[in-house]
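> whatever this is, show me its structure:
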Amino acid sequence: MSEKNLERDVYAAIADPTRRQLIRLLADAKELPLHELTSQFQMGRTAVSKHLAILKDADLVIARRVGRETRYRLNAGPLKEIQDWVSYYEEFWKERMAILNLLLEEEK
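Numbering: from 1, shown residues only. Model (predicted):
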């Protein structure tokens with residue numbers, strides 16, 4: 001998978017609120033089995049599994065089998081791409097707000 005496709009997959013993966021909640025749950029725990037994740041949502045096991053598959057395809061989640069159970073953990077590495085993208089705009093707005101503050105001070 002090319003770097004450009006990986007970025008698109010990560011952005012698409014976090015676009016859904018359910019997947020963002022799954023990421024949050026996994027960030028707060030070292031590892032969780034599917035049944036514990038499913039209990040946090042008003043949807044069935046199959047629907048949660050589909051969301052986890054999308055996160056896994058974007059390399060945001062790692063699954064491992066323990067007996068008959070699948071356990072999931074967060075792989076936060078790909079989120080760095082999003083942090084880098086957002087940080088550019090954070091600096092953009094900090095600069096704009098600083099300029100606005102200077103202009104407002106001048107008007108006083």
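> from here on, just use CA atoms for contacts and neighbour counts.
Will do.
> beta partners of R71?
With DSSP bridges as the criterion, R71 is bridged to P33, R64.
> which SSE is immediately downstream of the lowest-mean-pLDDT helix or strand in the chain?
Sorting the helices and strands of the chain by mean pLDDT, DSSP states H and E puts helix 3-14 at the bottom, at a mean of 72. Next helix or strand after helix 3-14 toward the C-terminus (DSSP states H and E): helix 17-28.
> in PDB, list the C-alpha atoms belonging to that next one.
C-alpha atoms of helix 17-28 as PDB (Å, rounded to 0.1, in the frame of the first residue of the first chain):
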ATOM      1  CA  PRO A  17     -17.700   8.300  15.500                       C
ATOM      2  CA  THR A  18     -18.000   4.700  16.400                       C
ATOM      3  CA  ARG A  19     -14.500   4.000  15.300                       C
ATOM      4  CA  ARG A  20     -13.200   7.100  17.200                       C
ATOM      5  CA  GLN A  21     -14.900   5.700  20.300                       C
ATOM      6  CA  LEU A  22     -13.300   2.300  19.700                       C
ATOM      7  CA  ILE A  23      -9.900   4.000  19.400                       C
ATOM      8  CA  ARG A  24     -10.600   5.800  22.700                       C
ATOM      9  CA  LEU A  25     -11.500   2.600  24.500                       C
ATOM     10  CA  LEU A  26      -8.400   0.900  23.200                       C
ATOM     11  CA  ALA A  27      -6.200   3.800  24.100                       C
ATOM     12  CA  ASP A  28      -7.500   3.600  27.700                       C
END
